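Trainee: From the sequence below, what's the structure:
(one chain, ligands or ions: 2)
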Amino acid sequence: MAAKQRFLVVTGTGTGVGKTVLSGLLVRRIIQLGRTIRAFKPLCSGGRGDALALEAASGGAQTLDEINPWHFEAPLSPALAARLERRTVTLEAVSAHILQHSKQSELTLVEGAGGLLSPLTVDGDTRDLIVRLKARPLIVASNRLGVIHDVRATLGCLPPSLRSGVPVVLMAPAAADASTARNARSLSEYHPADRIVEIPRVSEEIQSGARSPSVALNRKLDQILRLLAS
Ligand SMILES: Nc1ncnc2c1ncn2[C@@H]1O[C@H](COP(=O)(O)OP(=O)(O)OP(=O)(O)O)[C@@H](O)[C@H]1O
Ligand SMILES: [Mg+2]
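Mentor: Residues are numbered from 1 along each chain as shown. Ligands and ions are numbered 1, 2, ... in the order given. Predicted coordinates:
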């Protein structure tokens, strides 16, 4: 493994919180900054949309099967969907695939499935993959009522040595609620304020790369990348 190589695992408080949106933005930003990155969504279930989004973000540098070597029909956790198809995927196989295909890159981004503890493989979850890859985690959450609990519960499940440094990214929900403008400040009572980043709604054009992010959004993405490098 190259000395400078870094592994980043994008996980979160659950499904549908914005992990793929953020992953795509980060991949495009890293490429724009002239750095090399490989992205993976090793296990997909119920469609390969996340892997397709990462393939588009990678600008053709990676094939779909490299980004996503395992995919299952049922829209369930990958572990359960695999079992329904009588297939077995182990953490060892997942980490071996990622290591094999990321040798040339400075940064490797891996999107988990669901939340930190959602069943991923036959023998583990995204937390186990973080430990195995010695990766930096990033917690994504939807900035809505209940997020304080969700983030605190997720932080509490991280290995203690990774807890205080982890970036927490609050993704703006489609419709803000009374808590949305207050959650970052409330959360700073439990987690360092400089590690909490709020990402606004991002248009389809920006998500797909048809339009560039604003200077303000790029600043936030750079802040996340700095936190991950520190
Ligand atoms: N900041 C945002 N701006 C615009 N849309 C967003 C934003 N965050 C999330 N979304 C939308 O919310 C939905 C879920 O987001 P996304 O697919 O990134 O979640 P996920 O955590 O990757 O889900 P999964 O667990 O299925 O992988 C998508 O339709 C996405 O476009
Ligand atoms: Mg996703």
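
Trainee: residue contacts, the residue of the chain found nearest ligand 2?
Mentor: Closest to ligand 2 within the chain is residue 20: 3.4 Å, counting by C-beta to the ion. Glycine gets a C-beta too; all of them are placed from N, C-alpha and C. Contacts of residue 20 were listed using C-beta atoms under 8 Å, 6 or more residues apart in numbering, and they are 41, 49, 50, 53, 54, 111.

Trainee: Now the buried members of these.
Mentor: 41, 50, 53, 54, 111 (16 or more other C-beta atoms under 10 Å).

Trainee: Now, those that are in helices?
Mentor: Those of these mapping onto helices are 50, 53, 54, per DSSP state H.

Trainee: And the buried ones among the contacts of residue 20, which two are furthest apart?
Mentor: 53 and 111 (9.3 Å; C-beta to C-beta).

Trainee: between those two, what contacts are shared?
Mentor: By C-beta under 8 Å, 6+ apart, the residues touching both residue 53 and residue 111 are 20, 23.

Trainee: residue ranges for the helices of the chain, please.
Mentor: Per DSSP H, the chain carries helices over the ranges 19-32, 49-57, 64-67, 78-84, 91-101, 126-133, 147-157, 160-163, 183-187, 204-208, 215-229.

Trainee: Farthest out from the centre of this structure, which residue is that? Tell me.
Mentor: residue 86 (27.2 Å; C-alpha atoms, centre = their mean).

Trainee: for that one, phi and psi?
Mentor: The phi/psi pair for residue 86 (degrees, to the nearest 10) reads phi 50, psi 40.

Trainee: Up against ligand 1, what does this protein have?
Mentor: The chain has residues 12, 15-21, 50, 114, 171-172, 199, 201-202 near ligand 1, with proximity defined as C-beta under 6 Å from any ligand atom.

Trainee: let's go with 5 Å and repeat that
Mentor: Selection of the chain residues close to ligand 1 by C-beta under 5 Å from any ligand atom yields 15, 16, 17, 18, 19, 20, 21, 171, 172, 201, 202.

Trainee: contacting residues for residue 192?
Mentor: residue 164.

Trainee: Kindly recompute the last result at 10 Å.
Mentor: Residues in contact with residue 192 (C-beta atoms under 10 Å, 6 or more residues apart in numbering) are 164, 165, 166, 167, 168, 227.

Trainee: now those residues in JSON lines, with neighbour count and pLDDT?
Mentor: Below are the contacts of residue 192 laid out as JSON lines (neighbours: other C-beta atoms under 10 Å; pLDDT from 0 to 100):
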{"residue": "164", "neighbour count": "11", "pLDDT": "91"}
{"residue": "165", "neighbour count": "14", "pLDDT": "93"}
{"residue": "166", "neighbour count": "21", "pLDDT": "97"}
{"residue": "167", "neighbour count": "23", "pLDDT": "98"}
{"residue": "168", "neighbour count": "27", "pLDDT": "98"}
{"residue": "227", "neighbour count": "20", "pLDDT": "94"}
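
Trainee: Closest to ligand 1 out of these?
Mentor: Ranked by distance to ligand 1 (C-beta to the nearest ligand atom), these are led by residue 168 at 14.0 Å.
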